[in-house]
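K.L.:
Need a 3D model of the sequence below.
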Amino acid sequence: MIIVGMTVLVILLITGLVISSYPIEEKTDDAELSVKGDVVMPSKVSRPGCEEIDRCYIPSSIVIESGKEIIWINEDSAFHSVTSGFYDSPTNLFDSGHLDPFESYTLAFDEKGTFDYFCTLHPWMMGQVIVE
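P.N.:
Okay, the predicted model is just below:
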C-alpha cells in the first residue's frame, strides 16, 4: 500500500513539473480592456447593508462641471441600474436600463443642479450627481 502511494506521489510530482515547464501565454484581447468608471457599483451591493456604510455606489455623491460626463461601471455579479429620482418617485431624466456585470453607462450632464438616482432592482442603492 505504501509503495502504491509513493508511486502515485512521484507520478503527480513529475506531471506537475512537466506541466509547469511549459510557457504560459498571456491573453491580450482588446475587447476585454476594462473601462475606468467615475462611479462604481462594487461587489455584493445587491444585498441590503451597503447603504448603512454609504458604499452602494462609490462615490455615492459626485461633483462635476456642467458639460462633463460620468461613467458608471457595474463591478458586481448582479444586474443594477442608474435611474434618475428615487425608488418611489423616478423622474425619467435618465435610465441606464439593467446593466450586466461589468457593463458601463455613460451620461453627460449639461445642466447645473442636483440629480438623485437609484437602482430599480435594489431600492437601498442611492446616489447623487451635483453639477456646478
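K.L.:
quick one, helices of the protein?
P.N.:
Counting by DSSP state H, the chain has helices at residues 2-20.
K.L.:
residue nearest the centroid of it?
P.N.:
Centroid check for the chain by C-alpha atoms, centre = their mean gives E75 as the closest residue, at 1.2 Å.
K.L.:
how far away is it from E111?
P.N.:
Distance of E75 to E111, given as C-beta to C-beta, to the nearest Å: 28 Å. To be clear about C-beta, it is placed using only N, CA and C from the backbone, and glycine gets the same treatment.
K.L.:
Look up how far S66 lies from the residue nearest to the centre of the chain.
P.N.:
Applying C-beta to C-beta to E75 and S66 gives a distance of 28 Å.
K.L.:
cool, Y117 as well?
P.N.:
From Y117 across to S66, the span is 17 Å (C-beta to C-beta).
K.L.:
for S104, same thing?
P.N.:
Distance, S104 to S66, by C-beta to C-beta: 22 Å.
K.L.:
In terms of neighbours, single out the busier of those two.
P.N.:
S104 (21 against 12; other C-beta atoms under 10 Å).
K.L.:
hang on, that one packs against W72?
P.N.:
Yes. Between S104 and W72 there is a contact at 6.3 Å, judged by C-beta atoms under 8 Å.
K.L.:
any common contacting residues for the two?
P.N.:
G37 (C-beta atoms under 8 Å, 6 or more residues apart in numbering).
K.L.:
Just the pLDDT for W124.
P.N.:
Listed pLDDT for W124 reads 97.
K.L.:
Now it: closest residue in space, sequence neighbours ignored.
P.N.:
Counting by C-beta to C-beta, 6 or more residues apart in numbering, W124 lies nearest to E51, which is 4.4 Å off, once chain neighbours are set aside.
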